[in-house]
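Undergrad: Structure here, sequence nowhere to be found:
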């Protein structure tokens with residue numbers, strides 16, 4: 001299985017978190033990963049013929065929300081046009097959301113801006129990506145922005161005590177957004193590893209579509 005991993009860090013710089021994400025994906029048997037910066041992406045058909053799925057990485061550098069549609073124009077087009085399974089992680093979920101019309105804003109409690117950080121309880125709804133997990137499960141969060149509404153054509157499938165929309169899935173195809181970082185799993189908090197395996201299974205179940213995409 002070949003994954004296109006999109007580096008969403010500012011100017012396409014490789015970060016320690018991106019390398020960790022790549023390494024954790026590579027731990028799954030049969031996975032190969034190619035990294036492309038968001039600012040050099042091509043049209044969706046180029047990747048649909050070569051890859052089996054797309055993973056949208058996070059971003060450590062703060063961004064200006066109002067500039068995202070222009071800065072990430074190529075990635076937004078790819079998210080909307082690709083027919084491959086997609087997993088958007090943290091900033092990746094946020095890009096999936098705004099691609100389909102969701103509002104993105106700072107996390108606030110009252111008048112105070114907050115950041116959700118550390119391992120938290122994730123309250124899930126039944127979905128293949130959460131197969132074999134307890135409810136709640138434990139995942140690592142690090143974000144100060146959040147989707148304010150579920151984008152059209154999607155359903156919410158998870159929340160935390162601080163964040164109302166922690167995971168979304170498109171209704172008619174396997175496009176996922178998750179606000180947390182599954183790559184930060186540990187021996188004591190292994191649920192992120194299970195989520196990666198579940199996504200790989202979702203991609204494998206999508207193989208019946210791939211010959212049609214590659215004609």
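TA: That came in fine, so what should we check first? Keep in mind that this is a model prediction, so the values were computed, not measured.
Undergrad: got the contact list for stretch 17-31?
TA: The contact list for stretch 17-31, computed with Cβ atoms under 8 Å, 6 or more residues apart in numbering, reads 1, 3, 5, 7, 9, 32-33, 35, 55, 57-58, 60, 89, 181-185, 192-193, 196-197, 200. C-beta coordinates here come from the backbone N, C-alpha and C atoms, glycine included.
Undergrad: Return the set of buried residues in that stretch.
TA: Burial within stretch 17-31, assessed by neighbour count using 16 or more other Cβ atoms under 10 Å, is assigned to 17, 18, 21, 22, 24, 25, 28, 31.
Undergrad: just curious, which of the residues you listed is nearest to residue 74?
TA: residue 18 (18.1 Å; Cβ to Cβ).
Undergrad: low pLDDT regions in this structure?
TA: Applying pLDDT under 70 to the chain flags the ranges 207-215.
Undergrad: how about 90 then?
TA: 11-13, 46, 60-62, 107-117, 144, 205-215 (pLDDT under 90).
Undergrad: where along it do the helices fall?
TA: Defined through DSSP state H, the helices belonging to the chain, from first to last, are 16-26, 44-48, 68-71, 73-81, 91-99, 191-205, 210-213.
Undergrad: right, so of those, which gets closest to residue 125?
TA: Evaluated over the helices of the chain, closeness to residue 125 peaks at helix 191-205, with 14.0 Å, by Cβ to Cβ.
Undergrad: now for the closest one, which elements pack on it?
TA: Judged by 3 or more Cβ pairs under 8 Å, 6 or more residues apart in numbering; DSSP states H and E, helix 191-205 is in contact with helix 16-26, strand 137-143.
Undergrad: Between strand 137-143 and that helix, find me the angle.
TA: What separates the directions of helix 191-205 and strand 137-143 is an angle of 100 degrees, with axes from the mean of the first three to the mean of the last three Cα atoms, to 10 degrees.
Undergrad: Check which residues of helix 191-205 are buried.
TA: Within helix 191-205, the residues scored as buried using 16+ other Cβ under 10 Å are 191, 192, 193, 194, 195, 196, 197, 198, 199, 200, 202, 203.
Undergrad: what's the closest of these to residue 85?
TA: Of all the buried residues of helix 191-205, the one with the least separation from residue 85 (Cβ to Cβ) is residue 203, at 4.9 Å.
Undergrad: count of neighbours near the closest residue to that closest one other than its chain neighbours?
TA: Once its chain neighbours are removed from consideration, residue 203 has its nearest residue in residue 53; the separation is 4.4 Å (Cβ to Cβ, 6 or more residues apart in numbering). In terms of burial, residue 53 registers 23 neighbours under the definition other Cβ atoms under 10 Å.
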